[in-house]
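A.B. asks: Build the 3D model from these lines:
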Amino acid sequence: MPWMNEGRVDLGDVDREAAQVLERREAGAEVVERDADSLVVQLGEHHPYRSDSIVRPERMLRRTRRSWYFVAVIALLGVACSSGSDPATPTAGSTATTVRGSPATSGQPNTALAALATLAVKGRAPKTGYDREEFGPSWSDVDHNGCDTRNDILNRDLTARTWRAGTHGCVVLTGTLAEPYIGRTVVFEKSHAIDVQIDHVVALSDAWQKGAQLLTAAQRLAFANDPLNLLAVDGRTNEAKGDGDAATWLPPNKPFRCAYVARQIAVKARYVLWTTAAEHAAMARVLATCPDQSLPTGTEAP
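C.D. replies: Next comes the predicted model:
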C-alpha cells in the first residue's frame, strides 16, 4: 500500500487514504461507516502505527462487500417470504377449524364432536317469561298420525307392548323398557305411568334460556314434540335430572353418556340453540372418550 513503509506508517498517506475511503463511501462504494471509523480508531489506538495493528483498506473493503452480500441475500429472502401467503390466514384450498369455547377439536364429519364445534357458546339468558305453555299443549299430535307424542315415543322405545282396544295401536297399556339412563330393564304399566316418563333430553327450561325464546311458537311446539329430543326413561331419574344440562347432570349409566350428549348436540344444532362454556366443556370431555360417536336422527330407539 502507498502508505506502508517497512512496517511503519506515513501519517500523510494515512490521511489521504482515509479521505479516499470516505469519498468512495459518499460516492456509493459499499463501505459502511463503522468500517471507516474502525480504521481511524485503530490508527489512533496503536501508535506508533505498526502495520500488523492496522486493518488494511482492501481487506476491509472485501469484508464489507461480503457483509453486504449476505445482508442482500437475507433481505431478498425476507421479501420473498412476505410476498407469500400468511400461514395464519386461510387461503383457497386450505382448511380452517374453529372451536368455540373449549379446547375440544373437531371430529370427522357427521359426528357429534364435529357438530359440537358448530354450536355457539354464550351465557345463559334470563329465565324470565318461561312457561310450559310457551311450547304448546303437552303431547300434541303434531304429525297428525292419530296418536299423541307421548304414546308415539312409548311405541318407539318399548318392546312387548299391549294396547288399549280401539286406539289402533296407539295407547300403550304395558311394555318393557331397556332404560338408558340407569341401564336396567323397567316394566311399564299404564296404571303406574309415572314410573316411565318421557324426558326432553334438552329440557324446555334450559332451551328457553339458550335461544328457544327467540323461536316462533310453531318452532317451539315442534321442539317440544320432536322425537329427536324425547326418550322414555325411568321416572325417578328423570325427576332428579330436572332441567339440568350436561354441565350439571349426566346419566348414571356411564356407557350411555356418549349417546346422550350426542342427542343433546343434535337437538341444539337442529334448533340453533347455544351452549354455555361449562356445558360445552362437559360435552367435549364426554366425547373425548368416543370421538366417532354419530349424531342420532330421532327415528331410532336409544
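A.B. asks: Name the helix or strand for residue 181, please.
C.D. replies: Using DSSP states H and E, residue 181 is not contained in any helix or strand.
A.B. asks: now stretch 241-256: mean pLDDT?
C.D. replies: Here stretch 241-256 scores 98 as its mean pLDDT.
A.B. asks: would you list every one of the helices in the stretch 151-300 of the chain?
C.D. replies: Remark: helices assigned in the stretch 151-300 of the chain by DSSP state H, counting those that start in this stretch are 204-208, 217-225, 235-241, 257-270, 277-287.
A.B. asks: Using a markdown table, lay out those together with mean neighbour count and distance to residue 247.
C.D. replies: For every residue, glycine as well, the C-beta is placed using N, CA and C. Below are those laid out as a markdown table (neighbours: other CB atoms under 10 Å; distance: least, CB to CB, whole Å):
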| stretch | mean neighbour count | distance to residue 247 |
| --- | --- | --- |
| helix 204-208 | 22 | 10 |
| helix 217-225 | 18 | 21 |
| helix 235-241 | 15 | 13 |
| helix 257-270 | 22 | 11 |
| helix 277-287 | 21 | 4 |
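A.B. asks: So which of those helices is nearest residue 140?
C.D. replies: helix 217-225 (5.8 Å; CB to CB).
A.B. asks: Chain neighbours aside, what residue packs nearest to residue 174?
C.D. replies: Using CB to CB, 6 or more residues apart in numbering and skipping the chain neighbours, the partner closest in space to residue 174 is residue 162 (4.7 Å).
A.B. asks: rewinding a little: could I get the helices of the stretch 151-300 of the chain as a markdown table with distance to residue 175?
C.D. replies: Putting the helices of the stretch 151-300 of the chain into a markdown table (distance: least, CB to CB, whole Å) gives the following:
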| stretch | distance to residue 175 |
| --- | --- |
| helix 204-208 | 25 |
| helix 217-225 | 20 |
| helix 235-241 | 14 |
| helix 257-270 | 21 |
| helix 277-287 | 29 |
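A.B. asks: between those, which one is nearest to residue 153?
C.D. replies: Nearest to residue 153, of all the helices of the stretch 151-300 of the chain, is helix 217-225, at 9.5 Å by CB to CB.
A.B. asks: any residues touching the closest one, and which ones?
C.D. replies: 134-136, 138-140, 142, 149, 200, 204, 207, 212, 215, 229, 267, 271 (CB atoms under 8 Å, 6 or more residues apart in numbering).
A.B. asks: I'd like to know which of these is nearest to residue 186.
C.D. replies: Using CB to CB, the contacts of helix 217-225 come closest to residue 186 at residue 200, 18.6 Å.
A.B. asks: what about the nearest residue to that closest one once chain neighbours are set aside, neighbour count?
C.D. replies: With CB to CB, 6+ apart as the criterion, residue 200 has its nearest non-adjacent residue at 5.6 Å, and that residue is residue 229. For residue 229, the number of neighbouring residues by other CB atoms under 10 Å comes to 25.
A.B. asks: Okay then, goodbye and thanks.
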